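Q: fold the following, please.
(one chain, ligands or ions: 1)
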Amino acid sequence: MTEASTRPAADWWRSAVVYQVYPRSFADADGDGTGDVNGIRARLPYLAELGIDAIWISPWYPSPLLDGGYDVSDYRDINPEFGTLADADALITEAHALGMRILIDLVPNHCSWEHPAFKAALEAGKGSPERDLFWFRDGKEGGLPPTNWPAAFGGGAWQQIDDGQWYLHMFDISQPDWNWDNPKVVEEFDSILRFWFDRGIDGFRIDVADSMAKDASLPDVPLADGEPTRDKYVGNPFYDQPGVHDIHQRWRAIADEYADSPQGPRVFVAEAWLSPAERLAQYVRPNELHSAFNFDVLRAAWSAKELRQVIDYTTESLWAVGAPATWVLSNHDTVRHRTRYGRDQQQALEGAGVVPVDLALGLRRARAAALLELALPGGAYIYQGDELGLPEVEDLPEEVLDDPTWERSGHTVRGRDGCRVPIPWSGSEPPYGFGTGEGQPWLPQPADWAPLTAEAQATDPDSHLALYKSALRIRREQEALGDGRLAWDTDAPDGVLSFTRDPGFRCVVNLADEPFELPGDTEVLLSSEPITNGELPVDAAVWLKSL
Ligand code: TEU
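A: Numbers count the residues shown, from 1 in each chain. Predicted coordinates for the structure are as follows:
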């Protein structure tokens, strides 16, 4: 493959900019209203021009899509709604030819209730080897489930079936948890990794990488406010159990079998919502996964003090084990950051907000946040549409809500659909070039998105898209912007984040309430807002080069 980056191929993942594609919502080539693999292929030139290093594709496997594809019924094929294996092979080859790597999503904690192994387990009955691939148990006296564990999307984590037994599902009832104590499960996933590595993928994003191992003694969790806690406290029986590390070490050894292939190393990124960062660092020790999403910046308020703390403790704890830092502003599970930053305080990351939002302020801060994210050492993740400055769609009609959270919460939590609205590519009305216009997009797009399309922004030098393109170009050109270190500048007042990266690069973000006078001996490489009289305005960021 061509090496579009100036960085050494073996280390590409340490400072990669990875673009997340949520396939259902990215681009719809066949016009059925749902995105597909050929839609992604058609947009590869756009992504190459944007200047990213790799694409991570959320699950594309056969699935009833009851959790948007995180409910997998076959790990070795492509959802017919999205295309075919041949389409996926072509995508991998074409992306590589354009200098971009492909990461796909591995969902090892659970599958879909349509997976043949789960169907066989239901058929086979109590005590069977088929049931031992999952967590089937008898309930407690009085018709109670085996434990009081809560499911992530609401309600309890056990579902009773006709013969009286219960099965464990930490997420939706349609997502039975695999029993990782069973060697057959372990071997099955070894084989799935090899299946995709052999097809040429460059790595996996590991879904809920902290949850596969369970405490088989099945203790209850403590109550918080009268309800079983959702806290991932140390010792939680289904999160961050020591056994997850055995699995990750095993997978690392499999990836390392491919390390000397011409394509370069195959890598993992862990999704684990774990705090503090020292716990997350355990997942990226040298013999485990290569990197892990750091969600602490995403959770942080728009505050210099808080952001600096997060940057310091995450880099320190990750660097202590030799892993690169990663930076994430948004993903398919969270309210888009333009909307979050448009509120006085960050509201709940999931679901619609009731607090008024100032989207102009949100966009301004999102521009500054992009320059901050892309100047920090390590890898950066861009969620599809963030480069267009898309806001969260918070007024989707109830009847179109699709996230299982909506049903499981008894219609109290709207869920994550608002960040999954199909991408506006071109034109002045829905479907904005997302599809052909025959099938309606699976979620409706707002009527006022015409100015946000990729087409509209492509020719505007002041657009959000133009800022991303410039930032990504400069990031490639500047030797300082790899996986190095940063040093905080001592001449910045409270409320201003200012750091230097050697050689000669400085990033300044003004989160204070007055303009900041920039140092004189520098040249502006890029700024999120115009610089006048040498001053960086409030809620703006700048990249500087020392003269
Ligand atoms: O999410 C894992 C997860 O823990 C989420 O519930 C997360 O805590 C929440 O959305 C944060 O706002 C992963 C996937 O990213 C998500 O889309 C899936 O629904 C989930 O796993 C189950 O596979």
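Q: the ligand contacts on this structure?
A: Within the chain, the residues that sit near the ligand (Cβ under 6 Å from any ligand atom) are 67, 70, 107, 152, 171, 207-208, 271, 273, 332-334, 349-350. Bear in mind the C-beta positions are built from the backbone N, C-alpha and C, glycine included.
Q: hmm, try it at 5 Å
A: Within the chain, the positions adjacent to the ligand are 67, 70, 152, 171, 207-208, 273, 333, 350 by Cβ under 5 Å from any ligand atom.
Q: put the buried members of those into a PyMOL selection.
A: A single PyMOL command selects the buried members of those (16 or more other Cβ atoms under 10 Å):
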select buried, resi 67+70+152+171+207+208+273+333+350
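Q: which of the residues of the chain next to the ligand lies closest to Phe134?
A: Nearest to Phe134 among the residues of the chain next to the ligand, counting by Cβ to Cβ, is Phe171 at 13.6 Å.
Q: where does the closest one fall, secondary structure wise?
A: Of the helices and strands defined by DSSP states H and E, none includes Phe171.
Q: do the same with Ile247
A: Here Ile247 is assigned to helix 243-256, by DSSP H and E.
Q: of all the residues in that helix, which ones are buried?
A: 244-245, 247-248, 251-252, 254-255.
Q: one more: stretch 275-292?
A: 277, 279-285, 288-292.
Q: quick revisit: would you turn the buried residues of helix 243-256 into a markdown table with pLDDT?
A: Output for the buried residues of helix 243-256, formatted as a markdown table (pLDDT from 0 to 100):
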| residue | pLDDT |
| --- | --- |
| Val244 | 98 |
| His245 | 98 |
| Ile247 | 98 |
| His248 | 98 |
| Trp251 | 98 |
| Arg252 | 98 |
| Ile254 | 98 |
| Ala255 | 97 |
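Q: can you give the distance of the helix holding Ile247 from its chain's centre?
A: Distance, stretch centre to chain centre, for helix 243-256: 21 Å (Cα atoms, centre = their mean, to the nearest Å).
Q: now stretch 137-153
A: Taking Cα atoms, centre = their mean, the mean C-alpha location of stretch 137-153 is offset from the chain mean by 31 Å.
Q: can you give me the pLDDT of Ala10?
A: With respect to pLDDT, Ala10 scores 82.
Q: burial of it, as a residue count?
A: By other Cβ atoms under 10 Å, the residues close to Ala10 number 11.
Q: also Leu298?
A: Neighbour number of Leu298 under other Cβ under 10 Å is 22.
Q: OK, contacts around the residue nearest the centre of the chain?
A: Nearest residue to the geometric centre of the chain (Cα atoms, centre = their mean): Asn331, 4.5 Å. Contacts for Asn331 (Cβ atoms under 8 Å, 6 or more residues apart in numbering) come out as 20, 293, 298, 381, 383, 419.
Q: report the secondary structure state of the fourth one.
A: Right, Tyr381. Secondary structure state of Tyr381, per DSSP: H, G, I helix; E, B strand; the rest coil, is strand.
Q: ok, and the closest non-adjacent residue to it?
A: For Tyr381, ignoring the flanking residues on the chain, the nearest one in space by Cβ to Cβ, 6 or more residues apart in numbering is Val328 at 4.7 Å.
Q: just the pLDDT at Val421, thanks.
A: pLDDT, Val421: 98.
Q: touching, it and Leu443? I think so.
A: Yes. With contacts counted by Cβ atoms under 8 Å, Val421 reaches Leu443, the gap being 4.9 Å.
Q: find residues that contact each of those two.
A: 25, 393, 396.
Q: from the ligand, how far out is the first one?
A: In other words, Ser25. 13 Å (Cβ to the nearest ligand atom, to the nearest Å).
Q: OK, contacts around the residue nearest to Lys140 when sequence neighbours are not counted?
A: Nearest residue to Lys140, sequence neighbours excluded (Cβ to Cβ, 6+ apart): Pro146, at 6.5 Å. Pro146 is in contact with 137-140, 158, 166, 168, 218, counting by Cβ under 8 Å, 6+ apart.
Q: can you get me a residue count around the residue nearest to Tyr381?
A: Val328: 23 neighbours (other Cβ under 10 Å).
Q: I'd guessed it sits against Ile382; true?
A: No. With contacts defined as Cβ under 8 Å, Val328 does not count as touching Ile382, sitting 9.1 Å away.
Q: re the thing from before, among the buried residues of stretch 275-292, which are in strands?
A: Applying DSSP state E to these, the entries found in strands are 291-292.
Q: farthest-apart pair in the buried residues of stretch 275-292, please.
A: Arg279 and His290, at 17.4 Å, using Cβ to Cβ across these.
Q: mind checking the SS state of whichever residue of the stretch 1-150 of the chain sits closest to the ligand?
A: Closest contact between the stretch 1-150 of the chain and the ligand, by Cβ to the nearest ligand atom, is at Tyr70 (3.3 Å). Going by three-state DSSP, the secondary structure assigned to Tyr70 is coil.
Q: that one: what's it in contact with?
A: 58-59, 63, 105, 107, 171, 175, 207.
Q: number of residues surrounding Pro80?
A: 9.
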